[in-house]
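1. What would the 3D arrangement of this be:
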Amino acid sequence: MTSALIRPPVDLELIFPAFNEERRLPSTIEATVDHLSERSWASAIVVVDNDSADGTHDVVERFAHAPVPVYAIGCSDRGKGAAVRRGISTSSARYVGFADADCATPIETLDPVMALLAEGHAAVIASRRAPGASYEIEQSALRRCGGWVFRRLARMSLPDIADTQCGFKFFDGPLIREVVDGCQVDGFAFDVEILARFARHGHRVTEVPVAWCDVPGSTFSARRDGLRSMADLIRISIAR
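-> Residues are numbered from 1 along each chain as shown. Model (predicted):
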C-alpha cells in the first residue's frame, strides 16, 4: 500500500470512498485487483478514507504488494461527495471513476464502461433502470418512498438520466477534474450535482445496464440523510 496525493499517471484510476468500511472493503479491493490485473489498461486503485474510526486504513495496507497499485489518501471533510471529489481532484489519470465499497455493481461492468470511454464518451455510468438492467433489493417502505421522491427531484436537473444514484460512474479525466472543481455537495446528492454540471458543460452522460444486488451495511439513513439530500437536490436544480 502506498500513501500518496501525487500519483503516477495511469489509464484508469478507480476511487473507493470509504467510511468505516473495514468489513466490506477487503473483498472489494481483492476482486478489483484481480480484474484490473488481467486488463491491458494501466490502472490504480485509490481508497479515500473519509475520517474512518475503524480499521479501514489498515485494510488497505494488506495490498502493499498487489499487482495493481493500491493507494490510500485521507479526507477529513465528512461525506461521500467530499471523499469522491478528493480522489478525483488528486488524480492525473486519463479516465477516473468511483465505485461503492460494497461491490454492489459487479466489477465486470467496467469492461463495457471502458470501451465506451475509449470511443469518446465523456461520462459512462451504471444504471439499474436502463433497458436490460436487473437488481435485487430489499428496502423499507420509508426508503422506497424516499427513493421515489428523490428520483422525482433529481429529474428536475437530469430529465434524461434514469438512475443517478448507482454507485459506479466513470469519466474522461480532464473533463471531470474541471467539473468537480466547482462542486459543493458533500452528501448523497453529490452524484446529481456532478452529472448536472457535466450536462451543463455540454457533455453527454451515457448509461449502461447493470446487474445490481443490494449489500447490507450502507451508511445512508433515510431519516438522517433524506431531507438533507432533497434540499441539496432543490439547490442543484436552481443553480444555473
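
2. contacts and neighbour counts: CA atoms only from here.
-> Fine.

3. residue contacts, the residue sitting nearest the centre point of the chain?
-> Centroid-nearest residue in the chain, with Cα atoms, centre = their mean: Phe98, separated by 3.3 Å. Applying Cα atoms under 8 Å, 6 or more residues apart in numbering to Phe98 gives the contacts Leu14, Ile15, Phe16, Pro17, Val84, Gly167, Phe168, Lys169, Phe170.

4. would you turn the residues you listed into CSV with secondary structure and neighbour count?
-> Written out in CSV, the entries for the contacts of Phe98 read as follows (DSSP: H, G, I helix; E, B strand; the rest coil; neighbours: other Cα atoms under 10 Å):
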residue, secondary structure, neighbour count
Leu14, strand, 26
Ile15, strand, 30
Phe16, strand, 28
Pro17, strand, 27
Val84, helix, 25
Gly167, coil, 21
Phe168, strand, 26
Lys169, strand, 26
Phe170, strand, 28
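
5. Distance to Val68 added to those residues, as TSV?
-> Written out in TSV, the entries for the contacts of Phe98 read as follows (distance: Cα to Cα, whole Å):
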residue	distance to Val68
Leu14	11
Ile15	13
Phe16	14
Pro17	18
Val84	20
Gly167	22
Phe168	19
Lys169	20
Phe170	18
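
6. Identify, from the residues you listed, the entry nearest to His201.
-> Using Cα to Cα, the shortest approach to His201 within the contacts of Phe98 belongs to Phe170, at 16.4 Å.

7. Between the two ends of stretch 113-122, how far is it?
-> Start-to-end span of stretch 113-122 (Cα to Cα, to the nearest Å) is 11 Å.

8. Return the set of buried residues in whichever strand or helix holds Leu117.
-> Counting by DSSP states H and E, the element that carries Leu117 is helix 110-118. Neighbour-count burial for helix 110-118, counted by 16 or more other Cα atoms under 10 Å, picks out Leu110, Val113, Met114, Leu116, Leu117.

9. gap between the fourth one and Thr109?
-> When distances are taken as Cα to Cα, Leu116 and Thr109 turn out to be 11 Å apart.

10. Could you pull out the helices in this protein for me?
-> Assigned by DSSP state H, the helices in the chain fall at 25-37, 56-61, 80-89, 110-118, 141-157, 173-180, 190-200, 222-238.

11. Of those, which is nearest Cys213?
-> When these are ranked by distance to Cys213, counting by Cα to Cα, first place goes to helix 25-37 at 13.9 Å.

12. buried set for the closest one?
-> Applying a neighbour-count criterion of 16+ other Cα under 10 Å, the buried positions in helix 25-37 are Leu25, Pro26, Thr28, Ile29, Thr32, Val33, Leu36, Ser37.

13. Surely Val47 is in contact with Tyr71?
-> Yes. Using Cα atoms under 8 Å as the test, Val47 is close enough to Tyr71 to be in contact (6.2 Å).

14. joint contacts of those two?
-> Here Val47 and Tyr71 have Val60 as joint contacts, going by Cα under 8 Å, 6+ apart.

15. neighbour-wise, which of those two wins?
-> Val47 (26 against 21; other Cα atoms under 10 Å).

16. picking up where we left off before, lowest-confidence member of the contacts of Phe98, which is it?
-> The lowest pLDDT within the contacts of Phe98 belongs to Gly167, which sits at 91.

17. tell me the contacts of that one?
-> Residues near Gly167 by Cα under 8 Å, 6+ apart: Phe98, Ala99, Asp100, Thr105, Ala126.
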